[in-house]
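J.: Attaching a predicted model along with its sequence, questions to come.
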Amino acid sequence: MADEPDNLTLVIVRRLDAKFDRFSDDLHNVKIRLSYVEENLAGVNRRLDRFDARLDQIEKRLDLVEPHQSGFRE
C-alpha cells in the first residue's frame with residue numbers, strides 16, 4: 001500500500017501541476033518565437049521604408065510626381 005496515494009485530491013493536484021509546468025514551458029517557447037517574429041517584421045518594415053524613400057527619389061528625378069504630392073501612397 002505504500003505505492004498508493006493517500007488522497008485522490010493529491011493525485012489530481014499533482015497531475016494539474018505537471019500539466020501547468022508543460023503549459024508554462026510551451027508558453028515560454030511561444031514568447032521567444034514571437035519575439036523573433038517581431039524582430040524580423042521590424043527588419044522588413046525598415047527595408048520597405050527604404051524602398052519607399054528610394055522610389056520617391058526616382059519618381060522625383062523622372063518627374064513622375066506632381067510637386068504638391070506629399071509622398072503618401074495608397
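T.: Received it, and whenever you're ready, just let me know what you need.

J.: the helices in this protein, which residues?
T.: 8-61 (DSSP state H).

J.: Now do stretch 35-43: distance to the chain's middle.
T.: Put simply, stretch 35-43 sits 6 Å off its chain's centre (CA atoms, centre = their mean, to the nearest Å).

J.: cool, and stretch 38-53?
T.: The chain centre lies 15 Å from the centre of stretch 38-53; the measure is CA atoms, centre = their mean.

J.: Could you pull up the mean pLDDT of that stretch?
T.: Mean pLDDT, stretch 38-53: 96.

J.: hey, C-alpha coordinates of that stretch in CSV?
T.: This file holds the C-alpha atoms of stretch 38-53, laid out as CSV (Å, rounded to 0.1, in the frame of the first residue of the first chain):
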residue,chain,number,x,y,z
GLU,A,38,8.6,40.8,-34.2
GLU,A,39,12.3,41.5,-34.8
ASN,A,40,12.1,40.1,-38.3
LEU,A,41,9.0,42.1,-39.0
ALA,A,42,10.7,45.2,-37.8
GLY,A,43,13.6,44.5,-40.2
VAL,A,44,11.1,44.0,-43.1
ASN,A,45,9.4,47.3,-42.3
ARG,A,46,12.7,49.1,-42.3
ARG,A,47,13.6,47.7,-45.7
LEU,A,48,10.2,48.7,-47.0
ASP,A,49,10.7,52.2,-45.7
ARG,A,50,14.0,52.5,-47.5
PHE,A,51,12.5,51.2,-50.7
ASP,A,52,9.7,53.7,-50.4
ALA,A,53,12.1,56.5,-49.9
